[in-house]
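**Q** Okay, here's the prediction I keep looking at, along with the sequence it came from:
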Amino acid sequence: MNLYLDTANVDEIREAVKWGVICGVTTNPSLAAREDEDFAKILPSICDLVDGPVSAEVISLDYEGMVSEGRKLAAVHPNVVVKIPITPEGMQAVKMLAKEGIKVNVTLIFTVNQALLAAKAGAAFISPFIGRLDDIGHRGVDLVQDIVEVLHLHKLKAEVIAASIRHPEHVTAVALAGAHIATMPYSVLKQMFKHPLTDAGIESFLNDWKKAEAARKK
Ligand code: E4P
């Protein structure tokens, strides 16, 4: 399973890329709106930092608008993946863009049927939102597992991006559920490194080393 960062913040991406663990980025209009700079300026910077897919979402809701925005976004960099919501016009746009060789990530997926529609339209990626399902008392991870199974059963090629991840336990769960990718906030990626026994272990190793060195010098 690949790990992506779900952010439009260039500093977070620059830092996480250094750690060597992420190979893609997803953004959405809300994430872009949190940044001071215009997204048109941010997108090329993100693509320069990450050697992998970078999802950028369209704002239009009509077919023509989505296709035209999608083409413009895809022209920014070969790694740009156009993000389109699961609507009938959206899937019409996916079909057209896919025919032109442009990769699309279908977003706001909350059911297996929506995932099926996206895959049939030609989506390269499908993004079920697990945290938002958990928020309303459903089990987001179960949806990821079902989508992975259905795509596999019917030999559909789209990759599943487990999105709307809220904590490290979600990452483990979607990895076990067979997601191809987990996209997460910077804070969750950082939390993944942490365990109190790791901190305690590092501290005791260093203390033992220093004690032995001090004893040898006596
Ligand atoms: C995914 O592509 C979305 O950008 C994102 O994961 C949404 O997460 P949220 O539900 O925390 O806003």
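**A** Great, that's in hand.

**Q** count of neighbours near Pro29?
**A** 13 (other CB atoms under 10 Å). No exception for glycine: its C-beta is placed from N, CA and C like everyone else's.

**Q** Repeat that for the one 5 residues further on.
**A** Around Arg34 there are 9 other residues, counting by other CB under 10 Å.

**Q** Need the three-state assignment for the residue nearest to it when sequence neighbours are not counted.
**A** Distances taken as CB to CB, 6 or more residues apart in numbering place Ala8 nearest to Arg34, at 6.9 Å, with adjacent residues excluded. Here Ala8 takes the coil state, with states given by DSSP: H, G, I helix; E, B strand; the rest coil.

**Q** mind listing what Ala8 touches?
**A** Residues near Ala8 by CB atoms under 8 Å, 6 or more residues apart in numbering: 27, 31-32, 34-35, 39, 42, 46.

**Q** confidence score at it?
**A** With respect to pLDDT, Ala8 has a value of 98.

**Q** Can you tell me who the residue nearest to the spatial centre of the chain pairs with across the strands?
**A** For the chain, the residue nearest the mean C-alpha position is Thr183 (2.7 Å; CA atoms, centre = their mean). Assessed by DSSP bridges, Thr183 has beta-bridge partners Tyr4.

**Q** That one against Met1, yeah?
**A** No: applying CB atoms under 8 Å as the test, Thr183 and Met1 come out as separate, 10.9 Å apart.

**Q** Using CSV, write down the CA coordinates of the longest helix seen in the chain.
**A** Determined from DSSP state H, the single longest helix within the chain is helix 196-217. C-alpha atoms of helix 196-217 as CSV (Å, rounded to 0.1, in the frame of the first residue of the first chain):
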residue,chain,number,x,y,z
PRO,A,196,6.1,5.4,23.7
LEU,A,197,8.3,2.2,23.8
THR,A,198,10.3,3.5,20.8
ASP,A,199,11.0,6.8,22.7
ALA,A,200,11.8,4.9,25.9
GLY,A,201,14.0,2.5,23.9
ILE,A,202,16.0,5.3,22.2
GLU,A,203,16.4,7.0,25.6
SER,A,204,17.7,3.9,27.4
PHE,A,205,20.0,2.9,24.6
LEU,A,206,21.6,6.3,24.6
ASN,A,207,21.9,6.4,28.4
ASP,A,208,23.5,2.9,28.5
TRP,A,209,26.0,4.1,25.8
LYS,A,210,26.9,7.3,27.7
LYS,A,211,27.3,5.4,31.0
ALA,A,212,29.6,2.8,29.4
GLU,A,213,31.7,5.6,27.8
ALA,A,214,32.0,7.5,31.1
ALA,A,215,33.0,4.3,32.9
ARG,A,216,35.7,3.5,30.3
LYS,A,217,37.2,7.0,30.7
